[in-house]
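Undergrad: Below are the sequence and a predicted model for it; my questions follow.
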Amino acid sequence: MGLSQITPPDGEPLALNDAKLYLRVDNPDEDALVSALITAARERAEQFTQRQLMTATWLFTTGDNLHRQATAYDPVTNRITLPKPPLQSVVSVGFVDSNGVLNPMDPSEYRVSVGEEPGFITLNTIPAYDTNRDDAFQIQFVAGYGDASAVPQGIVTAMKWMIGEAYGTRTESEAAQNSSIERLLGIYRVWKW
């Protein structure tokens with residue numbers, strides 16, 4: 001299985017002014033540092049929760065005998081679970097055949113479920129794919145809460161705590177180890193991945 005980001009998020013779930021207000025910082029000389037801390041906090045929150053906070057496009061690949069990919073594929077339902085919830089949409093689904101050719105699947109050949117977490121696609125039938133490749137199925141999808149206001153407030157609060165810890169100590173280690181932050185983020189964690 002593989003996962004690579006195609007289009008990164010174009011914003012953060014926490015505005016610079018809100019972070020500076022939380023930190024009680026009014027010096028514009030600190031803007032670059034606080035912006036970097038916001039990004040680091042989002043990335044840490046995304047890593048811990050296994051979620052995509054702001055909209056981004058990803059390429060998920062799986063294969064190497066799809067039936068053995070228990071974390072992504074359910075052979076009873078032909079369901080392929082996608083990482084990084086919440087799922088917004090699926091851009092494309094394709095498979096590599098035994099000749100090494102990537103074949104796009106028509107959207108009528110699969111169903112997309114964005115209403116559950118994590119989101120998934122259900123294949124109507126399993127196409128003849130190359131079972132020797134670990135990238136035999138390639139699914140491009142868009143994930144994230146969309147607008148910053150849709151990101152759960154608990155995650156934003158945890159980000160503020162991480163930023164406060166890192167800004168106050170100018171180190172990452174205390175913020176990364178803070179059990180209160182992990183407890184707060186824990187309720188949003190996706191355990192499937």
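TA: Looks like it arrived, so ask away. Numbering: from 1, shown residues only.
Undergrad: and the strand ranked longest in the chain, C-alpha only, in CSV?
TA: Of all the segments of type strand in the chain, defined by DSSP state E, the longest one is strand 87-96. Output in CSV follows, covering the C-alpha atoms of strand 87-96 (Å, rounded to 0.1, in the frame of the first residue of the first chain):
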residue,chain,number,x,y,z
LEU,A,87,-13.5,11.6,2.5
GLN,A,88,-15.0,14.4,0.3
SER,A,89,-14.9,12.7,-3.2
VAL,A,90,-13.1,10.2,-5.4
VAL,A,91,-11.4,11.7,-8.4
SER,A,92,-10.5,8.4,-10.2
VAL,A,93,-10.1,4.7,-9.7
GLY,A,94,-7.8,2.6,-11.9
PHE,A,95,-6.1,-0.7,-12.0
VAL,A,96,-2.9,-1.9,-13.6
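Undergrad: which residues are contacting it?
TA: Applying CB atoms under 8 Å, 6 or more residues apart in numbering, the external contacts of strand 87-96 come out as 55, 57, 63, 82, 102-105, 107, 109-110, 112-114, 117-121, 127, 129-130, 133, 135-144, 146. For the C-beta atoms, the positions are set from N, CA and C on the backbone; glycine is no exception.
Undergrad: Within its sheet, name the partner strands of that strand and how each one runs.
TA: Within its sheet, strand 87-96 is paired with strand 102-104 (antiparallel), strand 137-143 (antiparallel), according to DSSP bridges.
Undergrad: May I see the buried residues of it?
TA: Leu87, Gln88, Val90, Val93, Gly94, Phe95, Val96 (16 or more other CB atoms under 10 Å).
Undergrad: and what of stretch 26-46?
TA: Glu30, Val34, Leu37, Ile38, Ala40, Ala41, Arg42, Arg44, Ala45, Glu46.
Undergrad: excluding its backbone neighbours, what's nearest the last one?
TA: Using CB to CB, 6 or more residues apart in numbering and skipping residues adjacent in sequence, the residue nearest Glu46 is Leu53, 5.7 Å away.
Undergrad: in terms of contact, does that neighbour touch Gly146 like I think?
TA: No: using CB atoms under 8 Å, Leu53 is not in contact with Gly146; the gap is 9.9 Å.
Undergrad: just the helices in the chain please.
TA: All helices of the chain, identified by DSSP state H, fall at 16-23, 31-49, 153-169, 173-177, 179-186.
Undergrad: Now the weakest link among these, please, by mean pLDDT.
TA: Of all the helices of the chain, mean pLDDT reaches its minimum on helix 173-177 (a mean of 50).
Undergrad: lowest-confidence helix or strand of the protein?
TA: Taking mean pLDDT, DSSP states H and E as the measure, the chain has helix 173-177 as its least confident helix or strand, at a mean of 50.
Undergrad: okay, Glu172: pLDDT?
TA: pLDDT at Glu172 comes out at 55.
Undergrad: my bad, should have said Glu30
TA: pLDDT, Glu30: 95.
Undergrad: wait, it sits on Lys20?
TA: Yes: between Glu30 and Lys20 there is a contact at 7.3 Å, judged by CB under 8 Å.
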